[in-house]
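In: model the structure of this input:
(one chain, ligands or ions: 1)
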Amino acid sequence: AYLDRVALAEPEVNAFLHVDRETTLAQARAVDERRAAGEDLGPLAGVPVAHKDVFTTTDMPTTAASRILEGYRPPYDATVTARLREAGLVVLGKTNMDEFAMGSSTENSAFGPTRNPWDASRVPGGSSGGSSAAVAAFEAPLATGTDTGGSIRQPAAVCGLVGAKPTYGGSSRYGLIAFASSLDTPGPFARNVLDAALLQEAFSGHDPRDSTSIDAPVPPVAEAARRADVAGLRVGVVKELSGEGYQAGVLTRFQESVELLESMGAKVVEVSCPSFDTALAAYYLIAPSECSSNLARFDAMRYGLRTGDDGTRSAEEVMALTRAEGFGPEVKRRIILGTYALSSGYYDAYYGSAQQVRTLIKRDFEAAFEGVDVLVSPTAPTTAFPLGERTGDPMAMYLADLCTIPTNLAGNAALSVPCGLAPEDGLPVGLQVMAPAMADDRAYRVGAAVE
Ligand code: GLN
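Out: From the prediction side, this is the model:
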């Protein structure tokens, strides 16, 4: 049924980069056989899932929506992919994204933009916009994504879905094509909080193949989603994450959610996190710095695209030609920014000070969580914006992650849950719930109470 729905919706939505009916049906039959053999597969067995095309899959191509990896077939599965196969989920296909997860609209894909199923003239958010659009268009019940600066929460918000950024180290990066390794976090998309929790639990947990993976019990997010009560919970409203620059209808729905939490017995207080104002600036030094290093592996030699290798050119020339052709403009912008920020003479002024700001943001969270259990804010300053509106203005695009980036820099957990439609445009608004590291369950508990 989902494959049929994909065939129907794709001409308009373009959520998928790869769908292969036979592979998917073969997987479904294999799950049936495992079940018939008496294997206990858990609650999501047989449920289809769409993977962001940044997770390696042995049976489908993996491109990160880049020409430099067009047609690439990885020799191994990402841990997220492997664990979901183990749990009996069936892969529906690979979803579109901003190239190497750099962007907030999915317009940076080398393979054309994805459209928002709520309004096809608008973006589905990004960078995991193929995953958010697929779930919003009922092409998939569940999807995976990655969140480096907001790429799960923001697309979830503008597509009316639940999306979570787990604690950094709570979900494995093994087999995830790296953008900014100290920030990249795999997480779930679903249409309700419990589904997201079940998906997160199915792929979470310690992975010895990821050196930053946390060796501790998985936060009980499904139990928290079922509990869904907030009585006595202390909720902090982050002063710096609302007000000027936010769409009026976003603030209206956010305010109503806060009142709802209060009416359900939560204790609401205002909290100030002064360093959050500098998070975006720090992120746009740290993320490009890490990306400039990570993307050095696309060298035209080992795998992926190779251009101009006609026997007359040096390896260096082939490398330069390949990277010039294979990377899109936003990826090149980030590599240039990153190599500049890391170059000797500038390192301390740019990368060094950004790392210091990162520490301040972490301290803001720590101080706030001494007085409250969770923090809330809108997930994104606006609802889904029109295709093309921000493609010529990188700064406007970067602002889409104003509310989500602090959590990535600090490494803690957050979730976006739908909180109604903005009155002025009828488009979905998301409430962001932020929790301390390894207390993901608190965010799920609050999310389930308001959904
Ligand atoms: N929009 C942000 C960026 O372009 C975040 C992307 C992400 O979370 N992958 O870097």
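
In: list the contacts of Phe203.
Out: Thr79, Val80, Arg83, Leu84, Ala87, Thr144, Ser171, Ser172, Pro186, Pro188 (CB atoms under 8 Å, 6 or more residues apart in numbering). (Each C-beta comes from the backbone N, C-alpha and C, glycine too.)

In: mind checking how far it is from the ligand?
Out: 18 Å (CB to the nearest ligand atom, to the nearest Å).

In: do the same with Pro381
Out: To the ligand, Pro381 is 13 Å away according to CB to the nearest ligand atom.

In: hmm, that residue is touching Val250, no?
Out: Yes. Using CB atoms under 8 Å, Pro381 makes contact with Val250 at a distance of 6.6 Å.

In: higher neighbour count, these two?
Out: Relative neighbour count places Val250 above the other of Pro381 and Val250, with 26 against 21, counting by other CB atoms under 10 Å.

In: write out the residues of this structure neighbouring the ligand.
Out: 101-104, 127, 146-151, 179, 287, 401 (CB under 6 Å from any ligand atom).

In: mind putting these into CSV with pLDDT?
Out: Below are the residues of the chain next to the ligand laid out as CSV (pLDDT from 0 to 100):
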residue, pLDDT
Ala101, 98
Met102, 98
Gly103, 98
Ser104, 98
Ser127, 98
Thr146, 98
Asp147, 98
Thr148, 98
Gly149, 98
Gly150, 98
Ser151, 98
Phe179, 98
Ala287, 98
Asp401, 97
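
In: restricted to strands, list those.
Out: Thr146 (DSSP state E).

In: so which of the residues of the chain next to the ligand wins on neighbours?
Out: Neighbour-wise, these (other CB under 10 Å) top out at Ser151, 37 neighbours.

In: hmm, Arg115 is touching Glu12, no?
Out: Yes. Counting by CB under 8 Å, Arg115 does reach Glu12; the two are 6.2 Å apart.

In: neighbour count: these two, which is higher?
Out: Arg115 (23 against 12).

In: what sits closest to that one if chain neighbours are left out?
Out: Once flanking residues are discounted, Arg115 sits nearest to Val13: 5.4 Å by CB to CB, 6 or more residues apart in numbering.

In: same thing with Leu41?
Out: Gly88 (3.8 Å).

In: thinking again about what came up before, with distance to Phe138 as added columns, please give the residues of the chain next to the ligand in a markdown table.
Out: As requested, the residues of the chain next to the ligand are exported to a markdown table (distance: CB to CB, whole Å):
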| residue | distance to Phe138 |
| --- | --- |
| Ala101 | 24 |
| Met102 | 28 |
| Gly103 | 24 |
| Ser104 | 24 |
| Ser127 | 22 |
| Thr146 | 23 |
| Asp147 | 23 |
| Thr148 | 27 |
| Gly149 | 28 |
| Gly150 | 24 |
| Ser151 | 22 |
| Phe179 | 29 |
| Ala287 | 33 |
| Asp401 | 27 |
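
In: and which of the residues of the chain next to the ligand is nearest Gln356?
Out: The closest of the residues of the chain next to the ligand to Gln356 turns out to be Ala287 (CB to CB; 16.1 Å).

In: out of everything not next to it in sequence, what's closest to that closest one?
Out: Counting by CB to CB, 6+ apart, the residue nearest Ala287 is Ala180, at 4.2 Å.

In: tell me which residues touch the one you found, please.
Out: Ala180 touches Thr148, Ile286, Ala287, Ser289, Glu290, Cys291, Asn294, counting by CB under 8 Å, 6+ apart.

In: gap between the one residue in the stretch 301-450 of the chain that gets nearest to the ligand and Tyr284?
Out: Per CB to the nearest ligand atom, Asp401 is where the stretch 301-450 of the chain lies closest to the ligand, at 4.7 Å. For Asp401, the distance to Tyr284 equals 10 Å [CB to CB, to the nearest Å].

In: quickly note the distance from the residue of the stretch 251-400 of the chain found nearest the ligand to Glu240.
Out: Ranking the residues of the stretch 251-400 of the chain by distance to the ligand (CB to the nearest ligand atom) places Ala287 first, at 5.3 Å. According to CB to CB, Ala287 stands 20 Å off from Glu240.

In: repeat that for Gly145.
Out: Distance from Gly145 to Glu240, by CB to CB: 26 Å.

In: again with Thr56
Out: 38 Å.

In: so the two - more neighbours on which side?
Out: Neighbour count, other CB under 10 Å: between Thr56 and Glu240, Thr56 has more, with 25 against 18.

In: contacting residues for the residue nearest to the more buried one when sequence neighbours are not counted?
Out: Spatial nearest neighbour of Thr56, chain neighbours left out: Pro74 (3.7 Å); criterion: CB to CB, 6+ apart. Listed by CB under 8 Å, 6+ apart, the contact set of Pro74 reads Thr56, Thr57, Thr58, Thr62, Gly175.
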